[in-house]
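Colleague: Give me a model of this one.
(4 chains)
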Number of protein chains: 2
Amino acid sequence: MGEHMATRKEVADRAGVSIAVVSYVLNDSNYVKEETRRKVLQAIEELGYETNMAARALKMRKTEQLAVLINHLGNPHEAGLLLRIEEHAAKHNYVLFFQTFHKEQESRLKALLHGRVDGIFLLGQSLQEETLRHFAKLGIPVVSITTPAVPRCDHVTSIDLDWTAEYRKLIRLLKAKGHERIAYMAIGDPEHPLSHRLKAFRQAMEQERLPLAEPDIFYADGGLQTAHEAIRTKVTAPGRFTAIVGANDLMAAGIVAACRASGVRIPQELAVAGSEDILMSSQTAPPLTVIHYPREKVGEIAMEVMLDKMRKRPASDRILQAEIVERASL
Amino acid sequence: MGEHMATRKEVADRAGVSIAVVSYVLNDSNYVKEETRRKVLQAIEELGYETNMAARALKMRKTEQLAVLINHLGNPHEAGLLLRIEEHAAKHNYVLFFQTFHKEQESRLKALLHGRVDGIFLLGQSLQEETLRHFAKLGIPVVSITTPAVPRCDHVTSIDLDWTAEYRKLIRLLKAKGHERIAYMAIGDPEHPLSHRLKAFRQAMEQERLPLAEPDIFYADGGLQTAHEAIRTKVTAPGRFTAIVGANDLMAAGIVAACRASGVRIPQELAVAGSEDILMSSQTAPPLTVIHYPREKVGEIAMEVMLDKMRKRPASDRILQAEIVERASL
DNA sequence: CTGTTAGCGCTTTCAT
DNA sequence: ATGAAAGCGCTAACAG
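Modeller: Numbering: from 1, shown residues only, chains lettered A, B, ... in the order given. Below is the predicted model:
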């Protein structure tokens, strides 16, 4: 429990050189005589020396740390996205830290991250303009995933699907099976980042010339259980919608559970679809037809965009294509 | 894009005091005249000043950052555990970063973390003794979750279930339903941290005086798909086991999927159980009976233990109790 | 109650 | 090819 960490000074002393030389060999930033280099390397080895990242960060004004602000890691869609981002961040030697984040904590955020990160990913999160301006002033890029770009704020770059287009595909599929009255389960909070999916769905229905009555829009908090509860009594109501799509897969799974609990057969009596394609969706009974959100690709692009922005290269918003995965739920 | 961050010096100048005074009000570490304090606070406000955490970390030898080494965030069990740890870490003002970690990268680990973290959580991971000693020397505590303690290494504290006891409960339940030949699906790699669950299962079977034949132990990589493939042809084999337990829930779900694909009825023809209780397990058809791993409690205790260790207080290994959640799969 | 100052461990310019 | 030294932004002893 020595509590001791070898410092660069000690390495220098042991190798009989100055600390500058140690830096040179460590960073390959200057010519060093082969013999000297070996002595230094050996001293490093013997002392078990490692560079102190905090000191380096202070000097370089670069932490090689990135933050990801998420909603709820319990949602496999977010976990999957986070996983992909980390995968690509690691390739570029960045360390990722994540924060489950809610609007109320926004004030603490600046203090928490100051001097800690080189960039910020938003995963289904939005920040106030003032906060965004703050990070812009600091030169800390913000990349937003799963949430549309903030208007008038060119500081944040966003990556997402064209939800209207994707929902149109899904609606056409439902139409082909004879459905005309399609319901939607959205996230209750109108401030919630996923509320733009509802807007997109509305637009898609309109473009497909299908009416979407207000009572056919249901609200829950994004979780399976509350979705189940919100829809339970509705699935057996006479004269109801014949299909329903969930703003996320967890809610779609909740709808499936509600149907099973009420003995409503899927897809004969009700068609159900999800919007993300998490693993669970392939295991429900019946398995869910979903829009496959390309998490892998999104993670890759997100890191790519982040790197561009950190290097002050121009980066523009990205819209990806998704595929529909047809399973037995419709 | 000013790239500018206000420094403590600027605040001091603007308020007409020395930088020490700014520190005093910020850290409440010294008496400051009320009027002076107000002037300082105002200057901070006006400049949008925030403390630079890298500088503070260097000076204090304390980063307020913790690392979590995980296996695969795509496994909801790990994601759930991580979520809980973060929840408690945030309460104590710690920031968490996670790394998907594989043995091959162990050499990079020391360099990556040095000066970056005050402590390390292992989530179903193990490290070589030499690495552990390295962190011990640096005074960086290691808390291991879901993996048994490392022998001869009192530096790491571990938190887990008494798997033998939990499996005995499950086995007794199966016995009561008439099962005598119970199979197990383990993780293939004997080096894998979850392999201790297999050992515990063996022990439990022995204590319950039930034979566990080698051919009744199946191996997969921990994922749903490979579990499905590994068991597919076996569930229809004549004279086979009548029940099977998965070392994790994802594999148990894979077994359920294999049964559905082969038309094997659960639980009439085969009983299936899992070991963790992830959300998905409640949505399979039929829903899975599982050991409920108390992730919430474990997350809380993990952080508690970590804090104790960081404060040099003694901390001992913790064994938690679990409950069995009975659902329709057996 | 407030200011001066010495470092924390590192990088890098400028001499040599 | 190597070294001396300044300084990144912060804390805390110490002096007043």
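
Colleague: A:Tyr94: how many residues sit nearby?
Modeller: For A:Tyr94, the neighbour count with other C-beta atoms under 10 Å in any protein chain shown is 21. Placement of C-beta: from N, CA and C, glycine included.

Colleague: residues touching it, list them.
Modeller: For A:Tyr94, the contacting residues are A:64-66, A:118, by C-beta atoms under 8 Å, 6 or more residues apart in numbering or on different chains.

Colleague: ok, now with 10 Å
Modeller: Contact partners of A:Tyr94, counting by C-beta atoms under 10 Å, 6 or more residues apart in numbering or on different chains, are A:63-66, A:85-86, A:88, A:117-119, A:303, A:306-307, A:310.

Colleague: Same question for A:Met60.
Modeller: A:53, B:54.

Colleague: Can you read off the backbone torsions of it?
Modeller: Dihedral angles of A:Met60 (phi, psi; degrees, to the nearest 10) stand at phi -80, psi -10.

Colleague: and it, what pLDDT?
Modeller: On pLDDT, A:Met60 comes in at 97.

Colleague: got the contacts of A:Tyr94 as JSON lines, with secondary structure columns?
Modeller: Listed next are these as JSON lines, based on DSSP: H, G, I helix; E, B strand; the rest coil:
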{"residue": "A:Thr63", "secondary structure": "coil"}
{"residue": "A:Glu64", "secondary structure": "coil"}
{"residue": "A:Gln65", "secondary structure": "strand"}
{"residue": "A:Leu66", "secondary structure": "strand"}
{"residue": "A:Ile85", "secondary structure": "helix"}
{"residue": "A:Glu86", "secondary structure": "helix"}
{"residue": "A:His88", "secondary structure": "helix"}
{"residue": "A:Val117", "secondary structure": "coil"}
{"residue": "A:Asp118", "secondary structure": "coil"}
{"residue": "A:Gly119", "secondary structure": "strand"}
{"residue": "A:Met303", "secondary structure": "helix"}
{"residue": "A:Met306", "secondary structure": "helix"}
{"residue": "A:Leu307", "secondary structure": "helix"}
{"residue": "A:Met310", "secondary structure": "helix"}
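
Colleague: Check these one by one and keep those near chain B.
Modeller: The residues of those that also fall near chain B, by C-beta under 10 Å from any C-beta of the partner chain, are A:63-66, A:86, A:117.

Colleague: ok, what's across the strand from the most centrally placed residue in chain A?
Modeller: With distances taken as C-alpha atoms, centre = their mean, A:Leu123 lies nearest the centre of chain A, 3.4 Å away. As for beta bridges, A:Leu123 partners with A:Ile145 under DSSP bridges.

Colleague: need the contact list for it.
Modeller: A:Leu123 neighbours (C-beta under 10 Å, 6+ apart): A:68-73, A:75, A:77-79, A:81-82, A:85, A:98, A:101, A:143-147, A:193, A:302.

Colleague: A:Gln283 too?
Modeller: If you count contacts by C-beta under 10 Å, 6+ apart, A:Gln283 has them with A:253, B:224, B:250, B:253-254, B:256-257, B:260, B:280-281, B:283-285.

Colleague: hmm, which two among those residues are most spread apart?
Modeller: Within the contacts of A:Gln283, A:Ala253 and B:Gly254 form the most distant pair, 17.7 Å apart (C-beta to C-beta).

Colleague: roughly how far apart are the residue nearest to the centre of chain A and A:Gln321?
Modeller: Using C-beta to C-beta, to the nearest Å, A:Leu123 is found at 20 Å from A:Gln321.

Colleague: again, but for A:Gly188
Modeller: Distance from A:Gly188 to A:Gln321, by C-beta to C-beta: 29 Å.

Colleague: When the two are compared, which one has more neighbours?
Modeller: Per other C-beta under 10 Å, whichever of A:Gly188 and A:Gln321 has more neighbours is A:Gly188, with 15 against 10.

Colleague: Do you know the pLDDT at that one?
Modeller: With respect to pLDDT, A:Gly188 has a value of 89.

Colleague: same deal with the one 5 residues further on?
Modeller: Confidence per residue is given as pLDDT, and for A:Pro193 that number is 76.

Colleague: my guess is it meets A:His72, correct?
Modeller: No. Using C-beta atoms under 10 Å as the test, A:Pro193 is too far from A:His72 to be in contact (11.7 Å).

Colleague: okay, and the common contacts of the two?
Modeller: Here A:Pro193 and A:His72 have A:123-124 as joint contacts, going by C-beta under 10 Å, 6+ apart.

Colleague: Got the domain ranges for chain A?
Modeller: As recorded under automatic domain parsing, the domains making up chain A are A:8-58, A:61-161+A:295-320, A:163-292.

Colleague: Quick one: residues contacting A:Lys309.
Modeller: For A:Lys309, the contact set (C-beta under 10 Å, 6+ apart) comprises A:118-119, A:139-143, A:155-157, A:315.

Colleague: The ones next to chain B among the contacts of A:Tyr94 into a markdown table, with extra columns for neighbour count and distance to B:Gly16?
Modeller: As requested, these are exported to a markdown table (neighbours: other C-beta atoms under 10 Å in any protein chain shown; distance: C-beta to C-beta, whole Å):
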| residue | neighbour count | distance to B:Gly16 |
| --- | --- | --- |
| A:Thr63 | 23 | 32 |
| A:Glu64 | 17 | 37 |
| A:Gln65 | 24 | 35 |
| A:Leu66 | 27 | 38 |
| A:Glu86 | 25 | 46 |
| A:Val117 | 25 | 32 |
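
Colleague: quick one: which of these is nearest DNA strand D?
Modeller: Nearest to DNA strand D out of the ones next to chain B among the contacts of A:Tyr94 is A:Thr63 (C-beta to the nearest atom of the strand; 12.2 Å).

Colleague: Tell me which residue in chain A sits closest to DNA strand C.
Modeller: For chain A, C-beta to the nearest atom of the strand, closest residue to DNA strand C: A:Arg8, 2.9 Å.

Colleague: Count residues in the vicinity of that residue, would you?
Modeller: So A:Arg8, with other C-beta under 10 Å, has 17 neighbours.

Colleague: That one against A:Asn52, yeah?
Modeller: Yes. Between A:Arg8 and A:Asn52 there is a contact at 8.2 Å, judged by C-beta under 10 Å.

Colleague: Model confidence score at the residue of chain A closest to DNA strand C, please.
Modeller: A:Arg8 is assigned a predicted lDDT (pLDDT) of 93.

Colleague: Could you pull up phi and psi at it?
Modeller: The phi/psi pair for A:Arg8 (degrees, to the nearest 10) reads phi -60, psi -30.

Colleague: how near is it to B:Arg108?
Modeller: A:Arg8 is 20 Å from B:Arg108, where distance means C-beta to C-beta.

Colleague: ok, and the closest non-adjacent residue to A:Pro314?
Modeller: A:Asp308 (7.4 Å; C-beta to C-beta, 6 or more residues apart in numbering or on different chains).

Colleague: you'd agree that neighbour is up against A:Arg318?
Modeller: No. Taking contacts as C-beta under 10 Å, A:Asp308 lies outside contact range of A:Arg318: 11.0 Å.

Colleague: Check the contact lists of the two and give me the overlap.
Modeller: A:143, A:157.

Colleague: sorry, back to before: among the contacts of A:Lys309, which are in helices?
Modeller: Judged by DSSP state H, the contacts of A:Lys309 include no members of helices.
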